[in-house]
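Enquirer: would you be able to build a 3D model of this:
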Amino acid sequence: MNTSTPRVFIAATRQNDGKTTTSLGLIAALQKFFPRIGYIKPVGQRFVEIESEKIDEDSVLMDSVYRMNTPLVDMSPIAVEPDFTRKYLQAANNEALVKKIQKAFDRVAWEKDFVLCEGSGHAGVGSVFDLSNARVAKILGAKVIIVSQGGIGKPIDEISLNQALFEKENVEIIGVILNKVLGEKIEYVSDFARRGLKRKGLELLGVLPHQQILSNPTLELIREELHAELLNAPPALNTLVDDVVVGAMSAQNAIPFFKRGVLLITPGDREDLVLAAGATTNPNSEDKMAGIVLTGGLRPGANVLKAIQSMPIPVLLAKADSYEVASKVNNLIVKTRPADAEKISLIRDIVAKHVNVKKIIDSL
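Expert: The predicted structure follows:
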């Protein structure tokens, strides 16, 4: 396997701590030093089917943003399907999986100056089929950066657990990046986290400020999650949702809530609310509501459907009731997507400003 191309493995203390956000920003920052960068997610758990191949969503994202010029199947060599673990425990084929990862890495690294490897969850994820993140980092001969959520005590406790598994595999940890730290606490957290990590023999490489926009879902993501029907043809579905309002009041009382970025969730037979939202929405204004979700599978009457067709905001029809819809939207795990241009630009700026990329390069 290729051992000469510089590489780094991005791990985390938990799922959804910010590995992909960090990876997305780091590639842009590293391109100033390494013009040709490759990307690989050796073991992926969330995948889409592309030309009959199961490809991890993050690999699709990186290729869409950075045009990696590498086959997607090599950027995502192993996709953990629902029955993957059962099949492995019945007939372990670890050697074949290891070779698959190594060969994929060789192809990803071909004619590249640097390769960024992204893990999946905490250091132990994948242990059940003998491919924990720590083990995969060892296979790839990569040093590790651990990403954790903001704070001091809890993050360092969790980092220590992960550190132990990486050290067991003799994998070196370059340092730690803390994510989603409130702006007013950055200096405080940076100071004391640096002290705490130093006691564990670890470097603090950066502290990324919390940005609410990165946690806000788009209407398209909500539509997919709810398996909802789109009742009109708005200009776009990539509008961000800043707030959610459940329409359980009169139309007159609801109007003050119809503000920029608001998603209205209301039963499909509340035609008064739908018409009020339409009447108060200026198609030429940037302060429009994000959209409307009609619930309970209740399709409005013909006149209201006609009014919906002319609305400049998306109107969705979901089968679930209002409570279930609101719960799903509230608990939605928001992943950055190729169409999220505003988010991607922000991520690049944040990582470039708040992560010590030079220190990462020097450690390699």
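Enquirer: what's across from residue 11 in the sheet?
Expert: Applying DSSP bridges to residue 11 gives these bridge partners: residue 146.
Enquirer: residue contacts, it?
Expert: Taking C-beta atoms under 8 Å, 6 or more residues apart in numbering, we find residue 11 in contact with 19, 119, 122-123, 133-134, 137, 144-147, 162, 166. The way it works is simple: take the backbone N, C-alpha and C, and place the C-beta from them, glycine included.
Enquirer: check it and give its pLDDT.
Expert: Residue 11 is assigned a predicted lDDT (pLDDT) of 97.
Enquirer: tell me the gap between stretch 33-49 and the middle of its chain.
Expert: A distance of 13 Å separates the centroid of the chain from that of stretch 33-49, by C-alpha atoms, centre = their mean, to the nearest Å.
Enquirer: buried ones in that stretch?
Expert: Neighbour counts over stretch 33-49 (16 or more other C-beta atoms under 10 Å) mark 34, 37, 38, 39, 40, 41, 42, 43, 44, 45, 47 as buried.
Enquirer: ends of it, what's the gap?
Expert: One end of stretch 33-49 to the other measures 34 Å (C-alpha to C-alpha, to the nearest Å).
Enquirer: quick one: strands adjacent to the longest strand seen in the chain?
Expert: Counting by DSSP state E, the longest strand found in the chain is strand 173-181. Here strand 173-181 is paired, per DSSP bridges, with strand 143-149 (parallel), strand 204-209 (parallel).
Enquirer: can I get those strands in CSV including distance to residue 227?
Expert: Formatted as CSV, these follow (distance: least, C-beta to C-beta, whole Å):
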stretch, distance to residue 227
strand 143-149, 30
strand 204-209, 33
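Enquirer: deepest in the core, which of the ones you listed is it.
Expert: Comparing the strands paired with strand 173-181 by mean neighbour count (mean count of other C-beta atoms under 10 Å), strand 143-149 ranks first with a mean of 24.
Enquirer: tell me, how many neighbours does residue 69 end up with?
Expert: Neighbour count for residue 69, taken as other C-beta atoms under 10 Å: 11.
Enquirer: how close does it sit to residue 111?
Expert: The gap separating residue 69 from residue 111 is 9 Å, by C-beta to C-beta, to the nearest Å.
Enquirer: again with residue 163
Expert: Distance of residue 163 to residue 111, computed by C-beta to C-beta: 34 Å.
Enquirer: picking up where we left off before, the strands paired with strand 173-181 into a markdown table, with extra columns for distance to residue 63 and mean pLDDT?
Expert: What follows is the strands paired with strand 173-181, written out as a markdown table (distance: least, C-beta to C-beta, whole Å; pLDDT from 0 to 100):
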| stretch | distance to residue 63 | mean pLDDT |
| --- | --- | --- |
| strand 143-149 | 21 | 97 |
| strand 204-209 | 23 | 98 |
